Every structure is written in structure tokens, then in C-alpha cells.
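[1] Kindly generate the corresponding structure for this input.
(2 chains)
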Amino acid sequence: MQNVQDSQAAQGKARPRRPLEAWFDVRKEHIGFWAFALNRLTGLGLTLYLFLHLFTLRLLARGESQWNDFIALARSPLFLALDVVLIFGILFHGLNGIRVALVGSGIAVKEHRTLFWVLSAVGLALLVISAIAVFTT
Amino acid sequence: MTKAMTDRPAAARTRAGNPAGPLWLVQALSGFLLILVLFLHMIAHHFVVEGGLRTFDEVIAYVSNPVIFTITIIFLVVVTLHALLGLRAIILDLGLGRSAQRPVNWLLTVVGLVAIAYGIWLEITVASM
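    Take a look at the predicted model:
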């Protein structure tokens, strides 16, 4: 925990910028900034998807033909490509979340950079496997 | 020491983004649970299913299983909580000031409760078809 507090104190001095500007000010930014920004972007995307997904599932309550018509649409190439984008979002957000939870708890703080690249490699491998499965299953 | 990769704009650290705060712990634990449940969800609903999506009859049969029914409800509650707590951290991080916190909390609580109530209704409706 001590390490985290130290780093936060250091960040506090280094970040007098206004919150919203800080999102887009990419000067001298390091990998942690990009991970943070992409974590929020994928989080927003996944939240939007969650509500769309719940809304789409209402078709189940309308009976067999409505649901099966939707399935036919969801199997079109455009939807499959969007599925791969979705899977990227899930993989990035989930794997980065593991790293943030560990580092934020004071675990592997010094190895955070290595952890980022190891998890990125795992994510990339899973993305390729998933993309192949999406288009071949 | 070098800056750790829990980097975020200053305002977030005092709210749901603070590694020492209770909401940060909720996000970390619910996030971990979601990794497990979402992994099962993707496998069971898509990757082991012919054509990648269950047909109507297959969905009804699957959701009618009481174990699956229960897991789905837990999934619904945890994913809604995690998504809206994350959204809250982002909204409060826009620099809205303390007076905005109460209406944001209320709005997101209502959205969450409506989503969960709708999800449970749909789940029961589909399972009893």
C-alpha cells in the first residue's frame, strides 16, 4: 500500500491539469496513461453494449420467430466483425483490470510494466483464437 | 519511485478510483467475479454452440436449468453494478463538483434497479416458456 500512496503523491504534484483535458493531453505520456484511457474507453463501450444486449434479449419474450430472425441477422459478416471488436474490449478491460487490481493492492507494483506486456501477449493470443472461432464456429 | 500504472486524473482518486476506497474494492472484486462468469457465458452461449448463437428452443432449455438461472441472475446484478460504478467514476471525474454527486448517485441507482428488475422479469418469462 505504501508504494501506491507514494506514487499517488508523485502524480498529484505532476497533474495540475483539469480532469477532462488530462484525458486528451498526450504530451510525455507513458504506457500507464494509455492503459488508463483505453480502460475507460472499453468500459464505456462495454456498458453501452450491456444495455443494448439486455434490450435485444427482449426478443426472446416475443417468441420463437422474432428470436430466430435476430439470430440470422447476428450471423451476418458485419455482426461477426463487431463481435471481434467486442471481444477485444472484453479482453483488454478484463486483463487490464487484473493488472490494475494487483498494482492498486500493492502487488507487483515494480513489475507493472512487465505485467502489462505479458497480459497484452495473453490478450492478443486469446483475441486471435476467438476471432478464428467467431468466423468458423 | 517511478509512477505506477494506476495513473488517473486527480479527481478519480478521491472517489471510486481510490485504491484504498471501499468502492474501488467493490470494482476489483466484482471485476474478478465477472472474468469468471463472463468466460463461462462466452463459452456456453457462443463458442460451444453450433453457429455461435443458441436458437429459441436451445435458450429456453438452457435457462430453465435452475443452476444456470441462478448464475444468470448473479451475472446480471454484478455486471450492472460494475458497469454503473465505472460510469459513475467517469462522470464524477469530469470535474462536476460535489453538488453533482447526489443526483448522479440517484440517477445511476434508478437505472441499475430498472435494468436488474427488467432482467429478472425477462429471465423468469423465458424460463417459464
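
[2] show me where chain B has helices.
    Per DSSP state H, chain B carries helices over the ranges B:22-42, B:56-63, B:66-92, B:101-127.

[3] TSV please, covering the ones you listed and showing mean neighbour count.
    C-beta here means a position set from N, CA and C on the backbone, and glycine is covered the same way. Output for those, formatted as TSV (neighbours: other Cβ atoms under 10 Å in any protein chain shown):
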stretch	mean neighbour count
helix B:22-42	16
helix B:56-63	16
helix B:66-92	18
helix B:101-127	14
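
[4] so which of the ones you listed gets nearest residue A:68?
    The closest of these to residue A:68 is helix B:56-63. By Cβ to Cβ, the value is 5.6 Å.

[5] Mind giving me the packing neighbours of that closest one?
    helix A:64-74, helix B:66-92, helix B:101-127 (3 or more Cβ pairs under 8 Å, 6 or more residues apart in numbering or on different chains; DSSP states H and E).

[6] Make JSON lines out of the helices of chain B and add mean pLDDT.
    As requested, those are exported to JSON lines (pLDDT from 0 to 100):
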{"stretch": "helix B:22-42", "mean pLDDT": "93"}
{"stretch": "helix B:56-63", "mean pLDDT": "91"}
{"stretch": "helix B:66-92", "mean pLDDT": "95"}
{"stretch": "helix B:101-127", "mean pLDDT": "95"}
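
[7] Export the ones you listed to TSV and append columns for distance to residue A:134.
    Listed next are these as TSV, based on distance: least, Cβ to Cβ, whole Å:
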stretch	distance to residue A:134
helix B:22-42	10
helix B:56-63	18
helix B:66-92	21
helix B:101-127	25
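
[8] Ok, which of those helices comes nearest residue A:95?
    Nearest of the helices of chain B to residue A:95, taken as Cβ to Cβ: helix B:22-42 at 8.7 Å.

[9] Helices along chain A, start to end?
    Counting by DSSP H, the helices of chain A are A:2-14, A:19-24, A:31-56, A:58-61, A:64-74, A:77-104, A:112-136.

[10] low-confidence ranges in chain A?
    Confidence mapping of chain A against pLDDT under 70 gives the ranges A:1-29.

[11] right, is stretch A:89-106 up against chain B?
    Yes. Counting by Cβ under 8 Å from any Cβ of the partner chain, chain B has neighbours in stretch A:89-106: A:90, A:94, A:97-101, A:103-105.

[12] How about the spatially most central residue of chain A, nearest residue that isn't a chain neighbour?
    For chain A, the residue nearest the mean C-alpha position is residue A:93 (2.6 Å; Cα atoms, centre = their mean). Nearest residue to residue A:93 in three dimensions, chain neighbours excluded: residue A:42, at 4.3 Å (Cβ to Cβ, 6 or more residues apart in numbering or on different chains).
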